[in-house]
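> sequence first, predicted coordinates after that:
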Amino acid sequence: MSESVFPVPADVAARAHVDNAKYLEMYQRSVDDPDGFWGEHGKRVDWIKPFTKVKNTSYDYHNVSIKWFEDGTLNVSANCIDRHLEKRGDQPAIIWEGDDPSEHKVITYKDLHHEVNKFANVLHTQGVKKGDRVTIYLPMIPEAAYAMLACARIGAIHSIVFGGFSPDSLAQRIESCKSNCVITADEGLRGGRKVPLKLNVDKAAEKAPVGSVIVVKRTGGDISMQEGRDVWYHEEADRVSDHCAPVEMNAEDPLFILYTSGSTGQPKGVVHTTGGYLVYASMTHQYVFDYHEGDIYWCTADVGWVTGHSYIVYGPLANGATTLMFEGVPTYPDASRFWQVCEKHKVNIFYTAPTAIRALMGAGDDFVNKADLSSLRLLGSVGEPINPEAWTWYYNVVGKQNCPIVDTWWQTETGGILITPLPGATELKPGSATRPFFGVQPAVVDAEGKFLDGATEGNLVITDSWPGQMRTVYGDHDRFVQTYFATYKGLYFTGDGCRRDGDGYYWITGRVDDVINVSGHRMGTAEVESALVAHAKVSEAAVVGYPHDIKGQGIYAYVTLMEGEEPTDELKKELVKHVRAEIGPIASPDLIQFSPGLPKTRSGKIMRRILRKIAEDSFDNLGDTSTLADPAVVDDLIDNRQNRA
Ligand code: WT7
């Protein structure tokens, strides 16, 4: 890990919302007097009925309860659209860049108002009411943002499912939150390839029937429409008015559910609510990206992930920003695409993931250098630890040593960024997410939950609540408590390990639970295992992560076959195909090792620690193997480990 330090450039500090002295002062106040601090900053959004209470939260294991601004009322879509109309009706709200470089669209705040009102009325025609769950399974087209904001406008709770998930995964997520309406498109378009979204919805609906499917026309591809269930969005939109009054919502009414992977096979429905989430998303967007009036801001995430929710849609639009939305992939038509888009739309703030940076770094500097990147002022990174090599390349080649990099650590559960540099305040150290945002109180604990002081290493916990925190797991509050507050009673456990250096900087070292991070996508090893054992020829499977040059972590699967099955390369391909069909392409195993036996304790528990070491190629020091039922299994696994050269 590099310990070089990049001071804050004087010009960056001068124009920034906060310099270091201001950061320290605001941070101190935010933890000494959260009611005062958030009471003041809570006013950044427009309330219909102003709140009189600010923080009412308990991390007590027996009574976990999180409420912010609980007696206030507001509407998120009015905050993201209506309140900007007077001042910036003709300003671009969304710049949409298509998969095909010849396609783009500019949507002003006025346009956005028109589109979202229409969409909200279409939802009404489909019988969607306040509190109903709506599943959104769309590509990265403006309608994805319209659909989210339309739900927010009428008080429906959206649950976005990433377009790369399979019909089975989609069905599971429809069923789990009992949604009766799905919004999709005929097909998606990514890197010139079509994604059969409507067909996937048809398959999902066989397992999880829904009353209504709203279909946006994107490619015009051939699909089938089921009479009485499916409607074309454009036909319905033609029939409705473009006026729909925003519904008054309580601060603690749910805004959305987003499923995320954990240590068990079943994804959790993370619930975010209205008031605290919007305050936190908009405030972090302003300060972390040092957003100023007129900036063109681009976050390359997909709205299927939390980054897209908070930093493509809700945060930027609440701030009246211009947010760029990109349908395609970084390498289509070639590896200069990101940089061409930056040049074309004069992007000032660019936020992407380390996996994309590594892939583009591998493609060579020429792709970057042929674009004019002089508009760039700030770079951001999110999703996994950024290795110092990638950081340095991003800083030198993309940023030309003029753009600070904000390495932002957060999670689906946190709603917004928790640990991050602020461009005008924080000296940068490549690979470190640096210091906490206002109101965030990180701590490092050992395995027993003892607080570790000063420079140290251990598990990352947060000791008190912030407004953007998830409130519960949909339909299962006990699971929320068990997952996040049971490991260390009274503390929010992040699932991440970290190091804290002598300057109080945090260095996230990765997950310490059975979650792996593949290209910045979070994957439960248990989910991949249950997909594998669902195959008729598989008797047992154990999945671990291993270091992967581009993806950060790759998926390594140890598979024990049923008696009499042949371990062939054909079968490996079949298993990969099977997992893709069960979960989606993001869960494809990179390496499969057929293993006649898995290392188990005498009580039958799989010793994952050993499997992880073998997958990492660090089997010289396997640690304590004395509890193994059959030590010979390990030698066989080492001898047959998969070569990844
Ligand atoms: C996990 C959360 C929230 C945005 C996207 C991922 C890892 C995220 C960083 C970072 C080191 C990071 C953590 C975290 N992570 N950002 N800047 N440095 N690790 O959201 O899918 O909920 O995954 O991503 O391990 O726990 P997510």
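Received the coordinates, thanks.

> so residue 547, which of the three states?
strand (DSSP: H, G, I helix; E, B strand; the rest coil).

> can I assume it is in contact with residue 612?
No: at 10.7 Å, residue 547 and residue 612 do not qualify as touching, with contact defined as Cβ atoms under 8 Å. In this view, the C-beta of every residue, glycine as well, is placed from N, C-alpha and C.

> got the residues of the stretch 251-400 of the chain near the ligand?
Neighbours of the ligand within the stretch 251-400 of the chain, by Cβ under 6 Å from any ligand atom: 260, 306, 307, 382, 383, 384, 385.

> quick one: name the residues of this protein near the ligand.
So far as Cβ under 6 Å from any ligand atom goes, the chain lies against the ligand at 260, 306-307, 382-385, 407-412, 433, 494-496, 508, 510-511, 517, 522.

> got a list of contacts for the longest helix that the chain contains?
Ranked by residue count under DSSP state H, the longest helix found in the chain is helix 109-125. By Cβ atoms under 8 Å, 6 or more residues apart in numbering, the residues outside helix 109-125 that reach it are 77, 81-82, 84-85, 88-91, 93-94, 107, 134, 142-143, 145-147, 149-151, 153-154, 156, 181, 214, 233, 236-237, 239-244, 317, 320.

> with stretch 513-520 instead?
Residues outside stretch 513-520 that contact it (Cβ under 8 Å, 6+ apart) are 261-263, 353-355, 382-384, 495, 510-511, 522-526, 543-545, 548, 550-555, 586-587, 608.

> just the ones of those in strands?
Judged by DSSP state E, the contacts of stretch 513-520 include 382, 495, 510-511, 522-524, 543-545, 548, 552-555 as members of strands.

> quick check, nearest of those residues to the ligand?
The closest of the ones in strands among the contacts of stretch 513-520 to the ligand turns out to be residue 522 (Cβ to the nearest ligand atom; 3.5 Å).

> between residue 547 and residue 612, point out the one with more neighbours.
Per other Cβ atoms under 10 Å, whichever of residue 547 and residue 612 has more neighbours is residue 612, with 17 against 13.

> what's the pLDDT at residue 626?
Predicted confidence (pLDDT) for residue 626: 81.

> tell me who's in contact with the closest residue to residue 356 other than its chain neighbours.
Residue nearest to residue 356 in three dimensions, not counting chain neighbours: residue 330, with 5.0 Å by Cβ to Cβ, 6 or more residues apart in numbering. By Cβ under 8 Å, 6+ apart, the contact set of residue 330 is 300, 337, 338, 352, 356, 359, 360.

> one more: residue 539?
When contacts are counted by Cβ under 8 Å, 6+ apart, residue 539 touches 533, 560, 561, 562, 563.

> try 10 Å this time
Counting by Cβ atoms under 10 Å, 6 or more residues apart in numbering, residue 539 touches 533, 559, 560, 561, 562, 563, 565.

> what's the local residue count around the residue of the stretch 51-200 of the chain found nearest the ligand?
As assessed by Cβ to the nearest ligand atom, the ligand sits closest to residue 162 within the stretch 51-200 of the chain, at 10.5 Å. Neighbour count of residue 162, defined by other Cβ under 10 Å: 20.

> could you do the one 4 residues further on as well?
A count of nearby residues for residue 166, using other Cβ under 10 Å, gives 21.

> also residue 218?
23.

> just the element for it, please.
Following DSSP states H and E, there is no helix or strand that holds residue 218.

> that one reaches residue 232, doesn't it?
No: judged on Cβ atoms under 10 Å, residue 218 makes no contact with residue 232 at a distance of 11.6 Å.

> name the residues contacting each of the two.
Contacts common to residue 218 and residue 232, judged by Cβ under 10 Å, 6+ apart, are residue 186.

> against residue 566, how distant is the residue of the stretch 201-350 of the chain found nearest the ligand?
Closest to the ligand within the stretch 201-350 of the chain is residue 307: 4.7 Å, counting by Cβ to the nearest ligand atom. According to Cβ to Cβ, to the nearest Å, residue 307 stands 43 Å off from residue 566.

> so which of these two has more stuff around it?
For residue 307 versus residue 566, neighbours defined as other Cβ under 10 Å are more numerous around residue 307 (25 against 9).

> show me what contacts that one?
Per Cβ under 10 Å, 6+ apart, neighbours of residue 307: 299-301, 351-353, 380, 382-383, 408, 410, 412, 416-417, 520.

> where does residue 626 fall, secondary structure wise?
For residue 626, there is no enclosing helix or strand under DSSP H and E.

> tell me the spacing between it and residue 614.
Residue 626 sits 18 Å away from residue 614, going by Cβ to Cβ.

> these two - which one has more neighbours?
Neighbour totals were compared for residue 626 and residue 614, and residue 614 leads with 23 against 6 (other Cβ under 10 Å).

> got the contact list for the more buried one?
544, 546, 556, 558, 593, 595, 599, 622, 634, 637-638, 640-642.

> ramachandran coordinates for it?
phi -60, psi -40 (degrees, to the nearest 10).

> tell me the pLDDT at it?
At residue 614, pLDDT is 94.

> that one and residue 512: what is the separation?
Separation of residue 614 from residue 512 (Cβ to Cβ) stands at 19 Å.

> what's the answer for residue 15, then?
39 Å.

> hang on, residue 164 in a helix?
No: counting by three-state DSSP, residue 164 falls outside a helix, being coil.
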